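Q: no sequence for this one, just the structure:
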């Protein structure tokens, strides 16, 4: 499956409105969360916070040194790794599309749902 269409912009070209307008193009429901992970760009590692997650991707805070179309890996303390493509980057935040969609019963999705209900 292909990722949703999103105009790829440089940081100076993209606006928050363009990112917000992408909401209507999403294929999967997004769940707000505050999960910590390691963002591996291949050249460096940094901690990041997953702001929201869906079966198809996520929004990350504190993501520097990435550009649209970069391949990254999210690494978790339990050893799990998720490979993704950077779709957009604006003011230190970025959106990623997972190369393989998560199943509906994925532990990350279930955790986000439980936290939203709490």
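A: Yep, it's here. The structure presented is a predicted model; accordingly, all values stated were derived computationally and were not measured.
Q: ok, the nearest residue to residue 44 once chain neighbours are set aside - how many residues close by?
A: Using C-beta to C-beta, 6 or more residues apart in numbering and skipping the chain neighbours, the partner closest in space to residue 44 is residue 65 (6.2 Å). In short, each C-beta sits where N, CA and C put it, glycine included. Neighbour count for residue 65, taken as other C-beta atoms under 10 Å: 12.
Q: Just after the least confident helix or strand in the chain by mean pLDDT, pick out the following helix or strand.
A: Across the helices and strands of the chain, mean confidence by mean pLDDT, DSSP states H and E is lowest for helix 16-21: a mean of 52. Next helix or strand after helix 16-21 toward the C-terminus (DSSP states H and E): strand 31-40.
Q: Name the residues that touch that next one?
A: With contact meaning C-beta atoms under 8 Å, 6 or more residues apart in numbering, strand 31-40 is reached by 45-54, 60, 63, 66, 72-76, 108-109, 111-113, 115-116.
Q: Quick one: low-confidence residue ranges for this protein.
A: Within the chain, the stretches with pLDDT under 70 are 1-26, 118.
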